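Below is the structure, and that's it, no one-letter string:
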DNA sequence: TTGTACGCGTTATCAT
DNA sequence: ATGATAACGCGTACAA
């Protein structure tokens, strides 16, 4: 069309306050430019980080993101995702690989491009980008066990609540079993904010048979736990070692560096988004991408040697 | 209709894997069950908290929420919200009261139920629920000034970046002007994570003319700043007082309680959501709701007397 | 280049 | 109670 016409149309549209109706568009082309995302919650720097990487990519590609939070409830995840599918989204992103069979079947049947993020499996619904939590737990455990710590504890959500936590714990168990033939006690803490959970995890320790090192679900909990330990008059890392997970922002300002496992969260979001866009546009991307973690030795555990 | 028929239809729907198409529905009824939300970012516990309160309410009422992040960029906010309006959302929620005139006009013209949250104004676009940041800054400043601190500094985003920060700063200035006839220096820190920002804020302090108390934009920054202060060999609160804002989770586990201002974030989300639902359904709710803050005296500033 | 007709899946209305 | 039909606003395809 001519440039003059083009301008006249645009001017008229402006004057009439015209906004194209995305619903009608989605209906006409039989799918929308929405990408549905399901995460456990928004309070975790982990998910905020992953989302940041993804959203930018999608926004640039012209998609809107519809975020839903599951609170680690599979039934809730199923319900919300079902609801999300009603919008005929261009793609769906789920956290983890532990969705209900019903949901998996539905996703497969609808042939919606699906990305599972933050965890990996050989049999993803569509594609997955994440890390091997078992391996991460094992690597971290091995490092710490070789430092001479023998009686370990793991503080986190109750068994069965967070599948990634369970896998990491399994990795820890293997490591301590291998190195010292000792077990790792698991301490479940009630819901609450991360800091408080770490704190109550420490407070729940038995006076007798106190562990010499405590692993936490994440750095925030580890910090809360460390504060509790020091309040009890114990010293870190002599009396007790403290180990976090994720290498979150908090650790960058602590007087003592924290022993933790750095996870490639931003990268995960970026890679996941890129691969998913590929899947949407028909190119067949890598079905499963396992990103490496990086051990961060710190001063909250003894030094090597 | 008869119960038998009803069951047969439901069974058939199940068998065919039928999912109602929300786009078509939205088109037919001329508005969708989406509520669009615009927040600066997801890394802030403040917004996560507000969102938690709101989302639950909306979910219960059958709405989905479409969250967009603006990164404190008004132009970006305008663009994204314009895009959001294309979905004919049932309502729109914006953070703060500093939208571009263009955006305000469009929202008014479209007659979309609009909620502005986290800040208040006498002239909201639709309704607003928030707190008086100037007053909060003034109250906090007054308390601290009366503790005997005279040379204050404020560490936060650069002037003009975060309107709420600017208003709180203005409140602080008034307080110190009133009590001691002193000024408050403002220290702008580059973008980064909150902890690091707090740290670099302290590092940016002049050796000469060092303030005797530092106010931070939020508790996380205050914590980062406090770590930096102690690393410099200064003691808190003798050499220097530390003041946060928001009363975030982190403060609950610190060995020293932090002087801060508790903000009713969850409540804000709940009240905002409830009022907005009212507005959607035609009842005329309170146009402007200003929620009270609560001063939290702590051990990072001198004690009274 | 411009115009016109049809279909997308749902709701709403009207007739049966 | 049920069946038929017209919108809703946009994309697309075909005709002028």
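Received, thanks. Note that this is a predicted model, so its numbers are computed, not measured.

Which residues of chain A lie near DNA strand C?
Within chain A, the positions lying close to DNA strand C (CB under 7 Å from any atom of the strand) are A:1-2, A:5, A:24, A:27-28, A:30. For glycine as for every other residue, the C-beta is placed from the backbone atoms N, C-alpha and C.

Make TSV from these and add pLDDT and distance to residue B:73 to it.
Below are the residues of chain A next to DNA strand C laid out as TSV (pLDDT from 0 to 100; distance: CB to CB, whole Å):
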residue	pLDDT	distance to residue B:73
A:1	60	33
A:2	70	35
A:5	78	34
A:24	93	29
A:27	93	32
A:28	92	32
A:30	85	34
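
Show me where the stretch 151-300 of chain A has its strands.
For the stretch 151-300 of chain A, the strands defined by DSSP state E, counting those that start in this stretch occupy A:152-156, A:184-188, A:213-216, A:241-243, A:260-262, A:288-290, A:294-296.

just the ones you listed: most buried one?
strand A:213-216 (a mean of 30; mean count of other CB atoms under 10 Å in any protein chain shown).

thinking again about what came up before, need the max-distance pair from the residues of chain A next to DNA strand C.
Across those, the two members that end up farthest from each other (CB to CB) are A:2 and A:30, 31.7 Å apart.

can you redo the strands of the stretch 151-300 of chain A as a markdown table with mean pLDDT?
Shown next, in a markdown table, are the strands of the stretch 151-300 of chain A (pLDDT from 0 to 100):
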| stretch | mean pLDDT |
| --- | --- |
| strand A:152-156 | 97 |
| strand A:184-188 | 97 |
| strand A:213-216 | 98 |
| strand A:241-243 | 98 |
| strand A:260-262 | 98 |
| strand A:288-290 | 98 |
| strand A:294-296 | 98 |
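
Ok, which of these comes nearest DNA strand D?
With CB to the nearest atom of the strand, the closest approach to DNA strand D among the strands of the stretch 151-300 of chain A belongs to strand A:288-290: 31.4 Å.

starting at the chain centroid, how far to stretch A:87-104?
Centroid displacement of stretch A:87-104 relative to its chain, using CA atoms, centre = their mean, to the nearest Å, is 15 Å.

swap in stretch A:42-50?
Stretch A:42-50 has its C-alpha centroid displaced from the chain centroid by 7 Å (CA atoms, centre = their mean).

What is the end-to-end distance of stretch A:177-184?
8 Å (CA to CA, to the nearest Å).

cool, stretch A:210-220 as well?
Counting by CA to CA, you get 22 Å between the two ends of stretch A:210-220.

for the longest helix belonging to chain A, packing partners?
Using DSSP state H, we find that the single longest helix of chain A is helix A:163-180. Under the contact definition 3 or more CB pairs under 8 Å, 6 or more residues apart in numbering or on different chains; DSSP states H and E, helix A:163-180 sits against helix A:133-145, strand A:152-156, strand A:184-188.

So which other helices or strands are in contact with the second one?
For strand A:152-156, the contact count by 3+ CB pairs under 8 Å, 6+ apart identifies helix A:133-145, helix A:163-180, strand A:184-188, helix A:194-203, strand A:213-216, helix A:219-231 as packing neighbours.

could you give the mean pLDDT of the fourth one?
pLDDT averaged over helix A:194-203 equals 96, rounded to a whole number.

Can you tell me what sits against that helix?
With contact meaning CB atoms under 8 Å, 6 or more residues apart in numbering or on different chains, helix A:194-203 is reached by A:43-44, A:155-156, A:187, A:189-192, A:214, A:216-218, A:220-229, A:232, B:249-250, B:252-253.

Equivalent analysis for the second one, please.
With contact meaning CB under 8 Å, 6+ apart, helix A:163-180 is reached by A:96-98, A:118-119, A:133-142, A:144-146, A:150, A:152, A:154, A:156-157, A:159-160, A:182-184, A:186, A:215, A:217, A:245.

what do you get if the cut-off is 7 Å, keeping everything else the same?
Identification of contacts with helix A:163-180 by CB atoms under 7 Å, 6 or more residues apart in numbering or on different chains yields A:96, A:98, A:118-119, A:133-138, A:141-142, A:145-146, A:150, A:152, A:154, A:156-157, A:159, A:182-184, A:186, A:215, A:217.

ok, of the residues you listed, which come out buried?
Buried residues within the contacts of helix A:163-180, defined by neighbour count using 16 or more other CB atoms under 10 Å in any protein chain shown: A:96, A:98, A:118-119, A:133-138, A:141-142, A:145, A:152, A:154, A:156-157, A:184, A:186, A:215, A:217.

And stretch A:111-128, how far out from the chain middle?
Relative to its chain's centre, stretch A:111-128 lies at 14 Å (CA atoms, centre = their mean).

and residue A:91, which of the helices and strands packed on helix A:163-180 is closest to it?
Among the helices and strands packed on helix A:163-180, helix A:133-145 comes nearest to residue A:91, with 23.9 Å by CB to CB.

helices and strands around the closest one, which ones?
Secondary-structure packing of helix A:133-145 (3 or more CB pairs under 7 Å, 6 or more residues apart in numbering or on different chains; DSSP states H and E): helix A:163-180, strand A:241-243, strand A:294-296.
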